[in-house]
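> kindly return the folded structure for what I paste below:
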Amino acid sequence: MTLKSKPYFPFSFLLILGFFLLSSQKAKAQETAPAISSKPIPSGPPIPLELMFGHEQLNFQLIVKKKFTPTSKFDLLVISVFSENWDKKNPIGNSVIIPFQVNYSVGKKGFAVAAGGEGNSVVGFSPLVGVEHSFANRKWLAITVLNYLINEQRDLKLFGLYEFKPPINETWSLYSRVQFVYNLGLAENQHNRSFLYLRLGLKKGPLGFGVGANWDQYGPEKIAKDNFGLYTRWEF
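Numbering: from 1, shown residues only. Below you'll find the predicted structure:
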C-alpha cells in the first residue's frame, strides 16, 4: 500500500452529503407512511453525522444503515470517513474513504452476506465481498464486518463498531463507542491500514458531544497518526 496522497475533490464530499440527505428523507418517508399496524416498523438505526475537532485533524464520519423496506432482507451499509490535517504540509492521514455494501440477511440472528465496493482517495476503488453481523436496540449498537477486497493487494479487512448508550435520566444518556479497522494485505502478508477510535460523552435526543481519541497506523511500517479532541454528532 502506498502512502502517496491524491488531491481532494470537494465534489466527492457533496456526493456524500447528497446521498445522506436522500437516504434520510427516504427512511423518514418509509417510517411515517400509513401502515396496517399502529406503530411504524423501523428500517434501521438512526443515521449519525459526526465531526471531531482534534489537535492534528478534522474528522468527519457519516454512517447509513437502512433496510430497503422495513421488512426487507436487504439492507445498505455506507460508512463515509473524511480526515484532513490542519497542517497542510503534512499529507499523512489525509483521506476520503467510502466503503458501501448491500447485505442480505441470513436467518434471524443478525448475520448477513455482503457485496459492494470501497472508494479510497489513496488507493482507488476496489470491489468487495464479505459477511456482517449487526445488533441494535435502545442501549446497544454492534456492527462487525469482515470484507475481502478484490484488488492487487487482496486486502482482508475487519471492521467493528460498538456503541453503548445507557440512560442517565429521562433527558440525558451516556454515549460511548469503540470503533476499529484492521486491514491486512494478503498478497504480501503485510499491514496496510488500522485504527482504533474511542468516544465518550453525553447524548440528549439526537444531539451528542464529548471527547474523542483516534489512533491510526498506515502501511507496512505502521506509521502512526494520533488525534485527540472534541466531537459533536447528530442522529437523523
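
> from now on I want contacts and neighbour counts done on CA atoms only, so please keep to that.
Noted.

> who's in contact with the residue lying closest to residue 148 once chain neighbours are set aside?
Of all residues not flanking residue 148 in the chain, residue 156 sits nearest, at 4.7 Å (Cα to Cα, 6 or more residues apart in numbering). Residues near residue 156 by Cα atoms under 8 Å, 6 or more residues apart in numbering: 146, 147, 148, 149, 183, 184, 185, 186.

> next one: residue 103
Counting by Cα under 8 Å, 6+ apart, residue 103 touches 73, 74, 75, 76, 77, 112, 113, 114, 115, 132.

> contacting residues around the most centrally placed residue in the chain?
Nearest to the geometric centre of the chain sits residue 79, at 3.4 Å (Cα atoms, centre = their mean). Residues near residue 79 by Cα under 8 Å, 6+ apart: 61, 62, 63, 64, 97, 98, 99, 100.

> could you measure from the residue nearest to residue 148 over to residue 209?
33 Å (Cα to Cα, to the nearest Å).

> still on that earlier bit, now name the helix or strand holding the residue nearest to the centre of the chain.
Using DSSP states H and E, residue 79 sits within strand 74-85.

> run the chain-centre distance for that strand.
5 Å (Cα atoms, centre = their mean, to the nearest Å).

> quick one: strands adjacent to whichever strand in the chain runs longest?
Criterion DSSP state E: the longest strand present in the chain is strand 190-204. Here strand 190-204 has these sheet partners by DSSP bridges: strand 173-185 (antiparallel), strand 207-218 (antiparallel).

> okay, it in PDB with CA atoms only?
Extracted as PDB, the C-alpha positions of strand 190-204 are listed here (Å, rounded to 0.1, in the frame of the first residue of the first chain):
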ATOM      1  CA  GLN A 190       1.600  -7.100   5.400                       C
ATOM      2  CA  HIS A 191      -0.200  -4.500   7.400                       C
ATOM      3  CA  ASN A 192      -1.900  -1.900   5.200                       C
ATOM      4  CA  ARG A 193      -4.100   0.200   7.500                       C
ATOM      5  CA  SER A 194      -5.500   0.000  11.000                       C
ATOM      6  CA  PHE A 195      -7.100   2.300  13.500                       C
ATOM      7  CA  LEU A 196      -8.800   2.500  16.900                       C
ATOM      8  CA  TYR A 197     -11.300   5.300  17.600                       C
ATOM      9  CA  LEU A 198     -12.800   5.900  21.100                       C
ATOM     10  CA  ARG A 199     -15.600   8.300  22.000                       C
ATOM     11  CA  LEU A 200     -17.100   9.200  25.400                       C
ATOM     12  CA  GLY A 201     -19.700  11.800  26.100                       C
ATOM     13  CA  LEU A 202     -23.300  12.700  26.600                       C
ATOM     14  CA  LYS A 203     -26.400  12.400  24.500                       C
ATOM     15  CA  LYS A 204     -29.700  14.300  24.600                       C
END
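
> only the buried residues of that strand, if you could.
If you call a residue buried by 16 or more other Cα atoms under 10 Å, then strand 190-204 has these buried ones: 190-203.

> can you list those in CSV and add distance to residue 226 and pLDDT?
Formatted as CSV, the buried residues of strand 190-204 follow (distance: Cα to Cα, whole Å; pLDDT from 0 to 100):
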residue, distance to residue 226, pLDDT
190, 21, 96
191, 18, 97
192, 17, 94
193, 14, 95
194, 12, 97
195, 10, 97
196, 10, 98
197, 10, 98
198, 12, 98
199, 14, 98
200, 17, 98
201, 19, 98
202, 23, 98
203, 25, 97
